[in-house]
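Asks: take a look and give me a structure for this.
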Amino acid sequence: MQEIPEQDPIDLAIIAVPARVVKTVMQDCVEVGVRGAIIISAGFKETGEEGAKLEKEILDVARRGRIRVVGPNCLGVMNPIGGLNATFATHIAKPGNVAFISQSGAMCTSILDWSLQANVGFSSFVSIGSMADVNWGDIIYYLGDDPKTKAIAIYMETIGDARSFMSAASEVAFTKPIIVIKPGRTEQAAAAAASHTGSLAGSDDVLDAAFKRCGVLRVDKIREVFEIVELLGKQPLPKGNSLAVVTNAGGPGVISTDALIGSGGQLARLGDDTMAKLNDLLPSHWSHSNPIDILGDATPDTYARSVELAAMDPACHGVLVILTPQSMTDPTKTARGIAEVATKIGGTKPILASWMGGHGVTEGREILDEAGVVTYDYPDSAAEMFTYMWKYTLNISHLYETPRWCAEMRPDQAKDLIIAHAQSEGRSILTELESKKILSAYSIPTVQTVLAKSADEAVSAAKDMGLPKQQVVLKLNSKSITHKSDVGGVKLNLGTPEQVRNAFLDMEKSVCNRFGQEAFLGVTVQPMVNTKNAYELIVGASPDSQFGPVMLFGSGGILCEVFKDKSLALPPLNSNLAHIMIEDTKIYKALGGVRGNSSVDITALEKLLVNFSHLIMEKWQFIREIDINPLLASSDGLLALDARVILHDSTQMDVDGDKTNIVRPAIRPYPTEFEQHWVTKKGKVVLIRAIMPEDEPLVVDFHKRISEESVYTRFFNNIQYKERVNHNRLIRVCHVDYDRDIALVVLDGDKLKDDTKKIIAAGRLTKRHGVPVAEFSMLVADAYQGQGLGEKLLRELVERGRAEGLDAIEAVVLPTNKTMIHVSKKVGFECVYDMDEGVVKTIMNLREKHNSTEPMDLQHRRFTSIQF
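Replies: A predicted model of the protein is given here:
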């Protein structure tokens with residue numbers, strides 16, 4: 001490399017040498033200024049400790065030279081559209097609009113060979129290997145910015161940097177489908193994947209929860225990856241999971257129904273009007289139900305009209321057309337009729353087809369394919385594809401829903417003292433009383449609990465609670481025993497002072513004999529709660545090896561591990577995400593009221609889950625496991641009867657050090673530390689904080705108070721009010737991943753009074769992909785301009801940028817926006833007029849040596865779709 005002239009800089013080095021030599025080659029790359037490298041060589045962390053050490057040394061060298069690295073242990077990278085083949089594959093893939101990424105090089109070569117035969121093309125073809133540097137998040141961001149990529153298909157063995165993946169996927173999935181096949185649903189497969197990549201493999205249920213959270217669709221078979229990509233590219237997304245099946249044979253209709261129901265879909269219940277029209281159209285012996293069996297002698301016109309009637313039914317969200325080649329069937333003419341119906345419907349509902357058979361139906365399949373109606377050899381595959389479409393619709397719709405209410409969290413600081421006290425004693429287990437105090441600090445209702453260290457104290461506490469009229473419960477208070485029921489540490493239905501006294505003494509004797517005096521620290525006395533018309537639920541959280549804290553909700557009680565009725569979610573939650581979590585369990589239907597029982601207040605349950613998620617996000621560095629079991633739910637309210645908290649080992653508390661084994665949350669928590677009060681030049685006290693998803697109505701109101709002049713100077717265009725407050729635009733404004741962007745709002749009014757507060761200014765840092773540079777943008781309501789808000793916001797954004805480790809902050813400003821240029825200079829930005837583009841470019845270097853060589857390119861900026 002040293003022999004290459006300096007005037008011909010090297011963009012990419014492909015390293016395919018023995019592992020022991022790679023470090024030397026990387027040092028040579030640094031010396032000549034190589035910008036990127038692909039390490040094809042194997043023999044690193046997948047081989048064990050020595051390999052992992054060598055990999056780290058190579059990566060340290062690359063980082064010193066600011067070289068981004070793909071691999072090691074990979075096939076390489078292809079850009080079929082540009083003609084780049086940086087792999088050891090024999091052939092380059094054909095150009096197309098789908099990007100394919102894989103951790104397995106062998107999977108890449110297999111897919112490549114298949115694609116050449118099947119005439120399938122790719123925009124990019126990437127073997128990512130063991131992801132020492134460039135990870136899923138980096139590649140997804142890159143492909144999200146690539147205009148030639150319309151969809152992303154992934155073969156994933158391990159997740160790597162979970163937060164990076166979640167951030168990138170949640171941004172890109174909104175505009176481009178991301179389809180993942182992730183093996184490892186069984187423990188054996190997960191172990192095989194981990195040994196292949198040298199990385200940890202998290203729980204498969206947690207992966208499913210993570211994919212749902214970030215809008216990614218997971219499929220189970222390799223063929224399904226490309227089938228669903230094709231389907232999403234040709235047919236509209238369904239608005240529900242109800243499918244109408246039109247068939248000329250009963251058997252295929254039954255098979256497709258099984259596949260539909262088994263994969264999470266349902267048959268559409270056709271309305272009376274539709275049924276009447278089908279009765280007029282079809283022979284008397286038709287099925288008179290869905291699947292719509294139009295019989296074996298159905299003509300092309302009968303097929304087309306039946307499909308049209310089914311598609312027009314409001315209860316139908318999609319149509320599957322099945323054709324079996326019978327003596328009176330004309331597959332070709334029928335296909336033409338279905339194609340015309342698809343055109344007539346105009347892309348309002350998806351239409352799928354299964355033209356069963358061989359050579360005799362080939363021409364019909366071709367006609368349907370040309371019309372954008374995807375065909376399948378078998379109807380069960382088609383039904384499953386419809387369900388996948390619906391799951392993708394759900395994932396995307398949940399991604400940016402606006403919550404129905406705003407969570408105001410101001411937990412009692414006493415919780416910190418409880419944890420600190422336990423740590424000072426070297427304990428990892430909180431007592432039940434301590435655990436309940438922490439729950440109470442987050443507004444989670446708990447049953448009255450009084451500590452009693454003697455039998456006399458227990459009797460006295462029971463009388464205070466209403467004994468003998470009110471029965472009580474005695475529970476073991478211990479700093480070392482967590483499962484009280486297993487050791488006889490729970491005594492129920494105590495109705496007299498004698499029963500309370502005897503229960504105390506019996507428990508003391510039993511526990512001390514088995515575990516020693518130090519295990520018995522008295523009991524807690526609690527009123528006996530009537531559970532007759534209540535449901536026992538469980539709410540908990542525990543760490544995953546890759547995604548950090550994971551929440552659990554489901555059926556509780558002593559049989560919760562037997563029934564295993566649960567749903568998982570990654571914190572933090574908002575009201576909508578909490579509702580989805582509840583809805584995903586079997587007990588959800590019962591909570592709505594069954595067999596004479598009144599319904600549970602679901603909104604209150606949602607708020608409890610949101611508060612619980614805040615607890616997890618605030619204390620993840622300290623709390624390893626926590627559960628409320630049972631959480632009693634009835635029409636009277638919610639009540640935590642028992643709670644258990646286990647702390648991390650206190651030696652692991654330095655989360656910034658190398659010694660910690662604590663995995664950070666996969667989703668960055670809402671930055672409460674951004675909140676501050678500030679006084680304007682006119683003496684008005686305002687609140688500055690990070691934006692919330694719940695703020696969408698406030699942003700709509702904010703734009704009502706922006707003049708046309710302010711709009712033009714901010715957006716370089718007279719964007720109309722309706723366009724600025726369009727929900728699909730504002731969801732990108734208000735739903736912020738704080739690993740990706742920093743968005744601040746200024747509020748005038750008391751934050752605790754929803755009917756009085758309003759947004760008067762907003763500012764944002766939008767990080768550029770792949771480089772430590774961000775763009776700033778600001779907008780101040782006209783009535784509040786000239787009060788120092790713009791300068792204050794910009795200074796705050798600069799400080800946040802420094803804290804995020806940015807090298808530079810920049811922006812593009814119209815020359816007529818004199819105020820913004822003045823404020824920028826005052827804060828310390830350099831402002832330069834660009835004569836070619838007719839704009840002022842502002843930049844502030846946050847490091848003494850700013851090494852970023854990325855130009856300020858308007859073509860690569862994301863601000864137009866997500867700024868205020």
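
Asks: next secondary structure after the helix or strand A462 falls within?
Replies: Assigned by DSSP states H and E, A462 belongs to helix 455-464. Sequence order places strand 472-476 as the next helix or strand after helix 455-464, per DSSP H and E.

Asks: just the CA atoms of that next one, as CSV, please.
Replies: The C-alpha coordinates for strand 472-476 follow below in CSV (Å, rounded to 0.1, in the frame of the first residue of the first chain):
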residue,chain,number,x,y,z
VAL,A,472,-55.0,-10.6,58.8
VAL,A,473,-52.0,-12.2,57.1
LEU,A,474,-48.5,-12.7,58.6
LYS,A,475,-45.5,-12.8,56.2
LEU,A,476,-41.9,-13.6,57.0
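
Asks: tell me which element the residue lying farthest from the centre of the chain falls in.
Replies: Going by Cα atoms, centre = their mean, the residue of the chain most distant from its centre is E498, 54.7 Å out. Assigned by DSSP H and E, E498 belongs to helix 497-515.

Asks: show residues contacting that helix.
Replies: 452, 454-455, 458-459, 462-463, 467-468, 472, 474, 476, 478, 480-481, 487-489, 491, 494, 519-520, 523, 525 (Cβ atoms under 8 Å, 6 or more residues apart in numbering). C-beta: built from backbone N, CA, C; applies to glycine.

Asks: ok, which stretches of the stretch 451-600 of the chain are strands?
Replies: For the stretch 451-600 of the chain, the strands defined by DSSP state E, counting those that start in this stretch cover 472-476, 490-494, 523-527, 535-544, 548-555, 566-569.

Asks: try the stretch 101-250 of the chain
Replies: Going by DSSP E, counting those that start in this stretch, the stretch 101-250 of the chain shows strands at 121-127, 151-155, 178-181, 217-219, 242-247.

Asks: what comes up buried for the second one?
Replies: In other words, strand 151-155. A151, I152, A153, I154, Y155 (16 or more other Cβ atoms under 10 Å).

Asks: low-confidence bits of the chain, can you list those?
Replies: For the chain, the stretches with pLDDT under 70 are 7, 184-202, 401-414, 596, 651-660, 749-755, 848-868.

Asks: now find how far off-centre stretch 473-492 is within its chain.
Replies: How far stretch 473-492 lies from its chain's middle: 38 Å, per Cα atoms, centre = their mean, to the nearest Å.

Asks: end-to-end on it?
Replies: Taking Cα to Cα, to the nearest Å, the first and last residues of stretch 473-492 lie 5 Å apart.

Asks: tell me which residues of that stretch come out buried.
Replies: Buried-residue list, stretch 473-492, by 16+ other Cβ under 10 Å: 473-479, 481-482, 484, 487, 489-491.

Asks: burial of C734, as a residue count?
Replies: Number of residues near C734 (other Cβ atoms under 10 Å) recorded here: 23.

Asks: right, and it touches V700 too?
Replies: No: applying Cβ atoms under 8 Å, one finds C734 not in contact with V700, separated by 10.1 Å.

Asks: next, the angle from the helix holding E498 to strand 523-527.
Replies: Orientation of helix 497-515 against strand 523-527 (axes from the mean of the first three to the mean of the last three Cα atoms, to 10 degrees) gives an angle of 140 degrees.

Asks: quick one: distance of helix 497-515 to the chain centre.
Replies: 49 Å.

Asks: equivalent analysis for stretch 579-590, please.
Replies: 19 Å.

Asks: likewise stretch 728-739?
Replies: The answer for stretch 728-739 is 13 Å, by Cα atoms, centre = their mean.

Asks: for that stretch, buried residues please.
Replies: Buried residues in stretch 728-739, counted by 16+ other Cβ under 10 Å: R729, L730, I731, R732, V733, C734, H735, V736, D737, Y738, D739.

Asks: I'd assumed E723 was in contact with the first one.
Replies: When you say that, I think you mean R729. Yes: if you go by Cβ under 8 Å, R729 and E723 touch, sitting 7.2 Å apart.

Asks: buried residues in the helix holding E498?
Replies: Per 16+ other Cβ under 10 Å, helix 497-515 contains these buried residues: P497, Q499, V500, R501, A503, F504, M507, E508, V511.

Asks: and which of these is nearest to F165?
Replies: V511 (46.7 Å; Cβ to Cβ).

Asks: can you put the strands of the stretch 451-600 of the chain in JSON lines and add distance to P283?
Replies: Converted to JSON lines, those look like this (distance: least, Cβ to Cβ, whole Å):
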{"stretch": "strand 472-476", "distance to P283": "68"}
{"stretch": "strand 490-494", "distance to P283": "66"}
{"stretch": "strand 523-527", "distance to P283": "69"}
{"stretch": "strand 535-544", "distance to P283": "50"}
{"stretch": "strand 548-555", "distance to P283": "49"}
{"stretch": "strand 566-569", "distance to P283": "46"}
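
Asks: looking at these, which is nearest to K437?
Replies: Comparison of these against K437 by Cβ to Cβ identifies strand 523-527 as nearest, at 11.6 Å.

Asks: which secondary structure elements does the closest one sit against?
Replies: Helices and strands touching strand 523-527, by 3 or more Cβ pairs under 8 Å, 6 or more residues apart in numbering; DSSP states H and E, are strand 450-452, helix 455-464, strand 472-476, helix 497-515.

Asks: which of the strands of the stretch 101-250 of the chain sits most buried?
Replies: Sort these by mean neighbour count, taking mean count of other Cβ atoms under 10 Å, and strand 242-247 sits at the top with a mean of 28.

Asks: ok, and what's touching that strand?
Replies: 253, 256-257, 260, 265-270, 290-294, 303, 306-307, 310-311, 313, 315-324, 379, 383, 386.

Asks: and for Q423, the neighbour number?
Replies: Neighbour number of Q423 under other Cβ under 10 Å is 16.

Asks: quick check: it touching H648?
Replies: No: between Q423 and H648 there is no contact under Cβ under 8 Å: 9.4 Å.

Asks: quick check: neighbours shared by those two?
Replies: What both Q423 and H648 touch, as defined by Cβ under 8 Å, 6+ apart, is the set F622.

Asks: apart from its chain neighbours, what residue comes closest to D258?
Replies: D380 (7.1 Å; Cβ to Cβ, 6 or more residues apart in numbering).

Asks: quick one, phi psi at the closest residue in space to N248 that isn't next to it in sequence?
Replies: Ranked by Cβ to Cβ, 6+ apart and with sequence neighbours excluded, the top spatial neighbour of N248 is A298, at 4.9 Å. Here is the backbone geometry of A298 (degrees, to the nearest 10): phi -60, psi 130.

Asks: number of nearby residues for A298?
Replies: 26.

Asks: for it, list the residues it contacts.
Replies: With contacts defined as Cβ under 8 Å, 6+ apart, A298 is in contact with N248, S306, M328, T329.

Asks: swap in L260?
Replies: With Cβ under 8 Å, 6+ apart, L260 has these contacts: L243, V245, Q266, L267, A383, E384, F386, T387.

Asks: which SSE is immediately downstream of the helix or strand harbouring the fifth one?
Replies: Using DSSP H and E, the element containing A383 is helix 379-399. On the C-terminal side of helix 379-399, the closest following helix or strand by DSSP H and E is helix 414-424.

Asks: all helices for the stretch 151-300 of the chain, in order.
Replies: Using DSSP state H, counting those that start in this stretch, the helices of the stretch 151-300 of the chain run over 162-172, 187-197, 204-213, 222-234, 250-262, 272-281, 300-312.

Asks: for the ones you listed, which one sits closest to T603?
Replies: When those are compared by Cβ to Cβ, helix 204-213 sits nearest T603, at 21.6 Å.

Asks: the closest one - contacts with which helices or strands?
Replies: By 3+ Cβ pairs under 8 Å, 6+ apart, helix 204-213 packs against helix 162-172, strand 217-219, helix 379-399, strand 566-569.

Asks: let's go with 6 Å and repeat that
Replies: Counting contacts by 3 or more Cβ pairs under 6 Å, 6 or more residues apart in numbering; DSSP states H and E, helix 204-213 packs against strand 566-569.

Asks: name every strand pairing with the longest strand along the chain and say which way it goes.
Replies: Secondary structure of the chain per DSSP state E: the longest strand is strand 623-634. Here strand 623-634 has these sheet partners by DSSP bridges: strand 535-544 (antiparallel), strand 637-640 (antiparallel), strand 643-647 (antiparallel).
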